[in-house]
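Enquirer: Generate coordinates for the sequence data below:
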Amino acid sequence: MQLLPLPATKLLAVPVSSAAISPQASATSEGRTLSASTSKYARIPILYLILGVLLAISIIPMYFYSSQVEATNRDRLKTNEKLLQNTITRSLADDLAQHERSQRMMLANLSSAIQVASGGDIGEKNIESPELRALLENFVSSSDEIAYATLLNSEAKGISAGRIVPDAFLQRELERAYAAARDGRFYNGQALVVGEGKATRTVFLVSAPVQYGPRFLGMIASVVDLQFLIKGLREVSSGGLTPYVVDAQGRLVAAATPEFATGQDMKNLNIVRNFVEGGNKAQFSATMEFKVRSGANQIEMLGTYSPVTSLDWAVIAQKPTREAYRDVYEMQRNARLLALLAVLLSVGVSIFAARRITNPLHVLTESSRALARGDFSQRVLLRSRTEIGELAQTFNTMSEELERFIEDLKRAADENRALFMGSIQMLAGAVDEKDPYTRGHSDRVTRYSLLIAKEMKLPSSFLEVLQVSAQLHDVGKIGIEEARFIDRRRIRGHENAHNQGSQHPASGHATRRNAPRHRIAPRGSRWSRVSLRSQGGSDPAPGACHRRSRYLRRVDHKPSVPTGSHSRASIGDHQESRRQAS
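Expert: Numbers count the residues shown, from 1 in each chain. All right, here's what the predicted structure looks like:
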């Protein structure tokens, strides 16, 4: 028999019944639906939440604590720097005051010795006596700080000794000192520079009156070399500190560096101006921040001054704040570096801790999605003593129960299907057994239909529906009298009887209509070859008949193979039917 080819595009459009879908396929479809469903709001990963919480509880307190510690240490270091400057200036001021007191005491002792040696008379006759000259020379040689000494009587005549020669500026200072001695006052002169080249010296004059009771005898004066002061200033000028000494008018007395000149006006500096404006009220040390112009730049400075009240001088030490607060800035830099390292460490620890929490959750999520896709063999392998481990064990238990339940459902479905297929096969066999000519006809139609469908590589769901439809395509013969099938020649001779016999597909459709599983055998089996031929060879419902009916019509066109003791006429009829089908 030659089978008519069917268009593949039409065959692939066969609808698949829901009853033909296996439980696993249904679970897979539902799993795809579940996994594809998303919330209308953006999901925030729990890793970010845990990481944010860990960072917040670790970094924020650390930040406030480090800020507090940094502020405390910064203030402490600033205070220490100010105390250091105060200590340095106070020490230099005290040393300078101590030298001034020593000079006055030495002058007082020399004055007493002169009175004893001269008998209270240092007039024109006794002023140049060897005894007085020896006393004066011994006084100069007794200390390296005394560069020059002179003794004048009441007529301003006298003797002198020393390592320097007074110049005009020093002579003017001696005149002022002599005037102060006549008034009975001690005199401290301003700082002067004497000598040239390497012999240059910074000196100042100290004088005291020589009196015998209330009677003025003369004046004794000494020129003190301030090299000891310059040496002391140089010793403390390390680390960017610049010490110097000014007098009450703001003029420079001595400095550690040659960039300052003795007698230079220093009132352009705020700290010097503050001391000068304080006058006699400047009795205590003071520390302040001020700015110094250096070309077009302004340099912030930290300075401290300590007054020398006996001389009306002040020892000042100043340092750029960048150098003064170097330790502060270094501490801040180290603190910030340590804070950054602590933050990075906290971030690393937080990420590790968060991963320890979120990774098991991620595994549970993937396992849940696999379970939703129908993979009930998925298990979660987590070794944890926390609640997450307990959740994993519960999940595994649930997966095992679901897998067992699905297996039971599949087994029950297979048994139900086997029972159903056995029932329809027995029903079709009982119908076919009514006529030896049709014995095994339904089984052969089913087998040929499946072979054609498999050859065309149609889906298994289509094969399942086709198998049921093929088995039930002649079930309507139950309602046809048995005698009409046995004597086919009588059927051919009676048109009405033939029409009645050709209605068995419609009768079978009416029989299956109310069956619980009637949906698995759709109405495609209603229109068979016999029924169409009774209708004049045309489909009474063009386009509505399912393609499965076309499969069945073509396979059903293949005549049944006669068995048993059928007559040759029946076999001849069978051969004639095959020729017609061809």
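Enquirer: list the buried ones in stretch 308-318?
Expert: Neighbour counts over stretch 308-318 (16 or more other C-beta atoms under 10 Å) mark Val308, Leu311, Trp313, Ala314, Val315, Ile316, Ala317, Gln318 as buried. Heads up, the C-betas are built off the backbone N, CA and C, glycines and all.
Enquirer: my bad, should have said stretch 451-465
Expert: For stretch 451-465, by 16+ other C-beta under 10 Å, it's Ile452, Ala453, Leu458, Ser461, Phe462, Glu464, Val465.
Enquirer: which two in the residues you listed are spaced the farthest apart?
Expert: Using C-beta to C-beta, those span at most 16.2 Å, a distance reached by Ile452 and Ser461.
Enquirer: confidence score at Pro505?
Expert: Pro505 is assigned a pLDDT of 60 by the prediction.
Enquirer: quick one: the helices in the stretch 151-300 of the chain?
Expert: 168-182, 227-235, 270-278 (DSSP state H, counting those that start in this stretch).
Enquirer: right, so of those helices, which gets closest to Pro61?
Expert: Among those, the nearest to Pro61 by C-beta to C-beta is helix 270-278 (41.9 Å).
Enquirer: Which secondary structure elements does the closest one sit against?
Expert: Judged by 3 or more C-beta pairs under 8 Å, 6 or more residues apart in numbering; DSSP states H and E, helix 270-278 is in contact with strand 242-246, strand 286-294, strand 297-308, strand 313-320.
Enquirer: The last one to strand 286-294, inter-axis angle?
Expert: When axes from the mean of the first three to the mean of the last three C-alpha atoms, to 10 degrees is applied, the directions of strand 313-320 and strand 286-294 differ by 60 degrees.
Enquirer: And the following helix or strand past strand 313-320, what's buried?
Expert: Counting by DSSP states H and E, the element after strand 313-320 in chain order, helix or strand, is helix 321-324. For helix 321-324, burial by neighbour count (16+ other C-beta under 10 Å) applies to Thr321, Glu323, Ala324.
Enquirer: do the same with stretch 356-363
Expert: Buried residues in stretch 356-363, defined by neighbour count with 16+ other C-beta under 10 Å: Ile357, Thr358, Pro360, Val363.
Enquirer: cool, and stretch 178-186?
Expert: Within stretch 178-186, the residues that qualify as buried are Tyr178, Ala180, Ala181, Phe186, counting by 16+ other C-beta under 10 Å.
Enquirer: Would you point out the most distant pair within those residues?
Expert: Of all pairs drawn from these, the one with the longest distance (C-beta to C-beta) is Tyr178 and Phe186, at 12.4 Å.
Enquirer: what do those two both touch?
Expert: By the contact definition C-beta atoms under 8 Å, 6 or more residues apart in numbering, Tyr178 and Phe186 are jointly contacted by Ser207.
Enquirer: For Gly239, give me phi and psi.
Expert: Phi and psi for Gly239, reported as degrees, to the nearest 10, are phi 70, psi 30.
Enquirer: nearest residue to it other than its sequence neighbours?
Expert: Glu323 (6.7 Å; C-beta to C-beta, 6 or more residues apart in numbering).
Enquirer: quick one: low-confidence ranges for the protein?
Expert: 1-43, 280-282, 437, 479-582 (pLDDT under 70).
Enquirer: Give the helix, strand or coil label for the most far-flung residue of the chain relative to its centre.
Expert: Farthest-out residue of the chain from its mean C-alpha position, per C-alpha atoms, centre = their mean: Lys125, at 97.4 Å. Reduced to three states with DSSP: H, G, I helix; E, B strand; the rest coil, the structure at Lys125 is coil.
Enquirer: Next, give phi and psi for it.
Expert: Per-residue torsions, Lys125: phi -80, psi -40 (degrees, to the nearest 10).
Enquirer: Now do it against Thr321, distance only.
Expert: From Lys125 across to Thr321, the span is 65 Å (C-beta to C-beta, to the nearest Å).
Enquirer: export the helices and strands packed on helix 270-278 to JSON lines and tack on distance to Gly52?
Expert: Below are the helices and strands packed on helix 270-278 laid out as JSON lines (distance: least, C-beta to C-beta, whole Å):
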{"stretch": "strand 242-246", "distance to Gly52": "52"}
{"stretch": "strand 286-294", "distance to Gly52": "42"}
{"stretch": "strand 297-308", "distance to Gly52": "41"}
{"stretch": "strand 313-320", "distance to Gly52": "44"}
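Enquirer: Am I right that Leu472 is in contact with Ser423?
Expert: No. Leu472 is beyond contact range of Ser423, at 10.5 Å (criterion: C-beta atoms under 8 Å).
Enquirer: between those two, who's got more neighbours?
Expert: Between Leu472 and Ser423, counted using other C-beta atoms under 10 Å, Leu472 has the larger neighbour count: 26 against 12.
Enquirer: Give me the residue at the spatial middle of the protein.
Expert: Val347 (6.7 Å).
Enquirer: Which secondary structure state does it sit in?
Expert: Val347 falls in the helix class when you classify it by three-state DSSP.
Enquirer: Tell me the helix or strand right after the lengthiest helix in the chain.
Expert: Longest helix in the chain, counting residues (DSSP state H): helix 46-118. Counting by DSSP H and E, the next helix or strand C-terminal to helix 46-118 is helix 130-141.
Enquirer: Which neighbouring elements make contact with that next one?
Expert: Secondary elements touching helix 130-141 (3+ C-beta pairs under 8 Å, 6+ apart): helix 46-118, strand 146-153, strand 158-162.
Enquirer: quick one on the thing from earlier: of the buried residues of stretch 308-318, which is the nearest to Tyr63?
Expert: Of the buried residues of stretch 308-318, the one sitting nearest to Tyr63 (C-beta to C-beta) turns out to be Gln318, at 35.3 Å.
Enquirer: Next, count neighbours for the residue nearest to the closest one when sequence neighbours are not counted.
Expert: With C-beta to C-beta, 6+ apart as the criterion, Gln318 has its nearest non-adjacent residue at 3.5 Å, and that residue is Gly303. Close neighbours of Gly303, defined as other C-beta under 10 Å, add up to 26.
Enquirer: Kindly report the same for Glu433.
Expert: Look at Glu433: counted by other C-beta under 10 Å, it has 11 neighbours.
Enquirer: Hmm, His441 and it touching each other?
Expert: No. When contacts are counted by C-beta under 8 Å, Glu433 is not listed as touching His441 (10.2 Å).
Enquirer: check contacts around Gln85.
Expert: Leu241, Thr287, Leu302, Gly303, Thr304, Ala317, Lys319, Ala324.
Enquirer: swap in Ile88?
Expert: Going by C-beta under 8 Å, 6+ apart, Ile88 touches Val236, Leu241, Pro243, Thr304, Ala317.
Enquirer: Could you dump the residues you listed into JSON lines and include distance to Tyr148?
Expert: Shown next, in JSON lines, are the contacts of Ile88 (distance: C-beta to C-beta, whole Å):
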{"residue": "Val236", "distance to Tyr148": "28"}
{"residue": "Leu241", "distance to Tyr148": "32"}
{"residue": "Pro243", "distance to Tyr148": "26"}
{"residue": "Thr304", "distance to Tyr148": "33"}
{"residue": "Ala317", "distance to Tyr148": "30"}
